[in-house]
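**Q** quick one, what's the 3D model for this:
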Amino acid sequence: MSLDLLSVTHININCSNLDRSMRFFEGLSAEDRQYLRFDITNREVVERLIRECEQGHAVRIEALVNDEIVAHGALELVAEAWKRHM
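**A** Below is the predicted model of the structure:
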């Protein structure tokens with residue numbers, strides 16, 4: 001698929017776009033999903049991940065082309081503070 005980068009937008013994942021997110025996750029191959037830490041085909045798991053975003057524990061974004069998700073990314077924030085280890 002060829003993408004015109006000028007037409008790509010991004011959104012923060014939230015409950016209002018849960019169904020669209022689930023379609024994207026369910027469309028991933030089993031091979032691609034084996035590298036993920038969560039079962040993102042389980043709606044309850046995805047709802048929990050969204051709640052974690054709403055609580056400030058993670059940032060998740062999705063890239064859209066023609067209102068369909070083409071990519072999903074996450075930055076999960078560690079609860080512990082950075083500390084020197086040397």
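**Q** what residues are bridge-paired with His10?
**A** Ala63 (DSSP bridges).
**Q** from Asp39, how far out is it?
**A** Using Cβ to Cβ, to the nearest Å, His10 is found at 24 Å from Asp39. All C-beta atoms are positioned from the backbone trio N, CA, C, and that covers glycine.
**Q** go on, Ile61?
**A** When Cβ to Cβ is applied, the distance between Ile61 and Asp39 equals 20 Å.
**Q** higher neighbour count, these two?
**A** Taking neighbours as other Cβ atoms under 10 Å, Ile61 and Asp39 compare with Ile61 leading, 15 against 11.
**Q** hmm, Gly73 and that one touching each other?
**A** Yes: using Cβ atoms under 8 Å, Ile61 makes contact with Gly73 at a distance of 5.4 Å.
**Q** OK, contacts around the closest residue to Asn17 other than its chain neighbours?
**A** Setting aside the residues directly before and after it, Asn17 is nearest to Ile11 in space (Cβ to Cβ, 6 or more residues apart in numbering), at 6.8 Å. For Ile11, the contacting residues are Asn17, Ile61, Glu62, Leu64, by Cβ atoms under 8 Å, 6 or more residues apart in numbering.
**Q** now the buried members of those.
**A** Among the contacts of Ile11, those classed as buried by neighbour count (16 or more other Cβ atoms under 10 Å) are Asn17, Glu62, Leu64.
**Q** any idea how far the last one is from Asn12?
**A** Here Leu64 is placed at a distance of 12 Å from Asn12 (Cβ to Cβ).
**Q** skip the chain neighbours and tell me the closest residue to Glu26.
**A** Thr41 (5.4 Å).
**Q** same thing with Phe38?
**A** Once flanking residues are discounted, Phe38 sits nearest to Val45: 5.3 Å by Cβ to Cβ, 6+ apart.
**Q** was I right about the one you found contacting Arg33?
**A** No: at 11.9 Å, Val45 does not count as touching Arg33 under the criterion of Cβ under 8 Å.
**Q** brilliant, that's me finished.
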